[in-house]
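next one to model:
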Amino acid sequence: MSPRDRLLALVVAVCWGVNFPMTALALEHFPPFLLVAVRFALLAVPTLLLVPRPAIPWSRLLMVGFALGILQFGFLYLGMKAGMPSGLASLVLQASAPFTVVIAGIWLRERITRRQAIGIGIAVLALAVIAVHRSQVAALLPVVLCLCAALGWALGNVAVRRAAAPNPLHLTLWMSVVPPIPMLALSFVVEGPARIGETFATVFTLDALPAVVGLLYVVLVATVLGYGLWTRLLATYPSSTVAPFSMLVPVIGVLASWIAFDEVPDLVELIAGVIVVGGVLFASRVPRSPVAPLAPAAADETPAGGAAEVGTAGVVPPGGAPQRVR
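Residues are numbered from 1 along each chain as shown. As a prediction, this is how the structure comes out:
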């Protein structure tokens with residue numbers, strides 16, 4: 001990966017890490033289900049007008065939108081509104097990685113390696129420590145809701161893989177068409193028309209300005225810029241090269257929440273969160289294939305000029321050059 005693209009990957013991690021305190025700001029004015037509806041409606045309108053629909057069946061598009069849009073963000077915003085600190089939410093959402101491996105093994109019949117099983121076990125035990133600790137010092141419900149959000153994210157990851165869209169960025173934008181109407185209907189039922197009316201009536205006041213800034217950040221920076229750059233990187237490099245940069249997201253999320261809201265991380269939760277990230281990183285790391293030694297006959301051969309020539313291109317991985325991820 002070039003230095004420029006490493007910088008772009010770092011930019012994505014910063015965009016997504018800062019997204020958590022920005023979401024907390026938006027939730028100070030918008031109720032959670034309405035926030036999901038508004039967030040995706042702001043993306044859905046220009047998408048319908050300007051972006052070609054991915055060449056995949058509607059059923060797969062609806063599945064992606066339901067999992068990533070409705071389940072993931074519905075539970076995440078509900079959990080944060082119920083009292084989940086934004087920094088801790090960024091850590092607990094890392095549960096999506098082991099959930100993804102397990103669901104892919106069941107749904108897509110992908111084989112779970114020993115490395116993945118060990119990493120999943122480490123991450124799950126650390127998440128259990130966070131849950132038990134939170135149940136003793138604070139409410140457990142926000143943690144459970146954020147774990148449900150991680151499960152929705154994992155379902156969405158597998159649905160995206162199953163959809164196999166030719167242009168992943170178009171799929172990311174078109175999945176925003178799915179959540180607005182169902183989430184608005186759910187907001188009417190749960191949060192009530194009076195709360196919705198009050199939210200929109202006061203949205204342009206000074207008191208609501210931080211929430212509006214948070215909402216615009218979530219839509220423009222975290223989604224359009226963040227996912228746009230991430231998709232570009234995945235289209236250029238193997239996923240095993242790009243994916244580890246996502247491990248920086250909870251680190252930046254905790255630091256950003258510390259700066260924004262003075263959320264000093266609890267030591268037990270912080271250590272358990274680091275272990276979660278470590279387990280995920282261990283499970284996702286692809287071990288290097290050993291380089292086969294040269295055959296004796298080939299090693300003894302020399303060109304006509306006398307001295308052996310040494311290639312400068314390096315060792316090519318088995319199967320040729322790294323394939324581009326589409």
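
and the residue nearest to residue 123 when sequence neighbours are not counted, how far is that from residue 95?
Spatial nearest neighbour of residue 123, excluding adjacent residues (C-beta to C-beta, 6 or more residues apart in numbering): residue 279 at 3.5 Å. In short, each C-beta sits where N, CA and C put it, glycine included. Per C-beta to C-beta, to the nearest Å, residue 279 is found 10 Å from residue 95.

overlap of the contact sets of those two?
When C-beta atoms under 8 Å, 6 or more residues apart in numbering defines a contact, the residues bordering residue 279 and residue 95 alike are 123, 124.

can you tell me how far the residue nearest to residue 123 sits from residue 165?
Taken as C-beta to C-beta, the span from residue 279 to residue 165 is 30 Å.

likewise for residue 246?
From residue 246 to residue 165 the distance is 20 Å (C-beta to C-beta).

do residue 33 as well
Distance from residue 33 to residue 165, by C-beta to C-beta: 27 Å.

next one: residue 28
35 Å.

more neighbours, the two?
Set residue 28 next to residue 165 and count neighbours by other C-beta atoms under 10 Å: residue 165 wins out with 21 against 12.

which stretches in the stretch 1-150 of the chain count as helices?
Secondary structure of the stretch 1-150 of the chain (DSSP state H, counting those that start in this stretch): helices located at 3-27, 32-50, 58-64, 73-81, 86-92, 96-107, 114-137, 141-163.

wait, which of the ones you listed is closest to residue 200?
Ranking the helices of the stretch 1-150 of the chain by distance to residue 200, with C-beta to C-beta as the measure, places helix 32-50 first at 8.9 Å.

just the buried residues of that closest one, please?
32-44, 47 (16 or more other C-beta atoms under 10 Å).

JSON lines for those, including distance to residue 149 and pLDDT?
What follows is the buried residues of helix 32-50, written out as JSON lines (distance: C-beta to C-beta, whole Å; pLDDT from 0 to 100):
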{"residue": "32", "distance to residue 149": "11", "pLDDT": "96"}
{"residue": "33", "distance to residue 149": "13", "pLDDT": "96"}
{"residue": "34", "distance to residue 149": "17", "pLDDT": "96"}
{"residue": "35", "distance to residue 149": "13", "pLDDT": "96"}
{"residue": "36", "distance to residue 149": "11", "pLDDT": "96"}
{"residue": "37", "distance to residue 149": "16", "pLDDT": "96"}
{"residue": "38", "distance to residue 149": "18", "pLDDT": "96"}
{"residue": "39", "distance to residue 149": "14", "pLDDT": "95"}
{"residue": "40", "distance to residue 149": "15", "pLDDT": "95"}
{"residue": "41", "distance to residue 149": "20", "pLDDT": "96"}
{"residue": "42", "distance to residue 149": "20", "pLDDT": "95"}
{"residue": "43", "distance to residue 149": "19", "pLDDT": "94"}
{"residue": "44", "distance to residue 149": "21", "pLDDT": "95"}
{"residue": "47", "distance to residue 149": "23", "pLDDT": "94"}
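
nearest to residue 85, of those residues?
residue 32 (15.4 Å).

what's the neighbour count on the nearest residue to the closest one once chain neighbours are set aside?
Spatial nearest neighbour of residue 32, chain neighbours left out: residue 77 (3.6 Å); criterion: C-beta to C-beta, 6+ apart. Using other C-beta under 10 Å, residue 77 has 27 neighbouring residues.

and residue 77, what does it touch?
By C-beta under 8 Å, 6+ apart, the contact set of residue 77 is 23, 27, 32, 33, 35, 36.

can you pull out the low-pLDDT segments for the stretch 51-200 of the chain?
135, 137-138 (pLDDT under 70).

please redo it, this time with the cut-off set to 90
Scanning the stretch 51-200 of the chain for pLDDT under 90 picks out the ranges 55, 68, 83-143, 153-154, 156-172.

pull up the gap between residue 161 and residue 152, please.
Residue 161 is 15 Å from residue 152, by C-beta to C-beta.

the two - which one has more neighbours?
Using other C-beta under 10 Å, the more surrounded residue of residue 161 and residue 152 is residue 152, with 23 against 15.

surely that one and residue 71 touch.
Yes - counting by C-beta atoms under 8 Å, residue 152 sits close enough to residue 71 to count as a contact (2.8 Å).

need the overlap of contacts for these two.
Common neighbours of residue 152 and residue 71 (C-beta under 8 Å, 6+ apart) do not exist.
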